[in-house]
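Asker: Give me a model of this one.
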Amino acid sequence: MIVIIGESASGKSTVADFLEKQYQYKKIITYTTRPKREYEKDGVDYYFLTDSQFNELNDRDFFAETAIYNNWKYGSAKKDYLRNNSIAVLTPKGLRQIRQNGLKNIYSVYLTVPRRDRLIACLNRGDDIEEAYRRSLSDVGQFDGVDREVDYVLNNPAYIYHPSKVAEMIMENKVNEGN
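Answerer: Got it, this is the predicted structure:
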C-alpha cells in the first residue's frame, strides 16, 4: 500500500496514475458529498454520496480517514487500505488518520516541489490564477514536519523528473527499504 502526499500541483495524482499503469497498483476511490462534475463517473472518479449517506457510513466507522474541503465531505474506506497493491493520494492529516486507525503495511511518500515551480505549472496548464494562489496558501503550515513522518521524501525541483521516473524512484526506494 502506497500513500502519496504533496502540496497542490506537486504532481502526486499524475505519479499515482503512473504507479497504476506501470506497476498495477489500484487507486483508492474516495467517497464525497460534492456534486458530480459532468465528465466524472460514479465509482470511477469518486463515489458520490448524499450528506446523510456519508454521515451514516461515518457513524458505522467505515472510513479510514475523512476531510472537509470547501464544505464538502471526503473519505476513504478502511477496507481499501487492506490491499497491498493500493495507492492513495492524501493530505498529511489523512495519512495521520489512517495510521491512528492502526492500518499497517503503508509506505508513505512525500512528493515535494518548490512553491514557485508549482504556481508556474498551474498557470501553464491554464488554472485560474486566484484559485492557484488560494490552493498554494491553503498548503501553508499543513506540511510542516511531514518530511519526518513519511518513509520517503522525493524532491522534484522544477519537475526535473518525469512522473514515470518519479514512480520508478518510489518503487526502487520501496524495494530497497524492504516494503
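Asker: Could you list the low-confidence segments of this structure?
Answerer: Across the chain, the ranges flagged by pLDDT under 70 are 179.
Asker: longest helix of it?
Answerer: helix 163-176 (DSSP state H).
Asker: So what touches that one?
Answerer: Outside helix 163-176, the residues that touch it by Cβ atoms under 8 Å, 6 or more residues apart in numbering are 2, 4, 11, 14-15, 17-19, 22-23, 107, 109, 111, 151-152, 154, 156, 161. C-betas here are computed from N, CA, C, even on glycine.
Asker: Which parts of the protein are strands?
Answerer: 2-5, 26-27, 31-32, 47-48, 63-69, 72-77, 86-89, 107-112, 152-155 (DSSP state E).
Asker: and V109, what are its bridge partners?
Answerer: Beta-bridge partners of V109, counted by DSSP bridges, are I4, Y152.
Asker: if I pick it, what's in contact with it?
Answerer: V109 neighbours (Cβ under 8 Å, 6+ apart): 2-5, 150-154, 170.
Asker: Count the neighbours of the spatially closest residue to Y81 that is not a sequence neighbour for me.
Answerer: Excluding the flanking residues, the one nearest Y81 by Cβ to Cβ, 6 or more residues apart in numbering is L103, at 4.7 Å. A total of 17 residues lie near L103 under the criterion other Cβ atoms under 10 Å.
Asker: now K21
Answerer: Neighbour count for K21, taken as other Cβ under 10 Å: 11.
Asker: Many thanks, have a good one.
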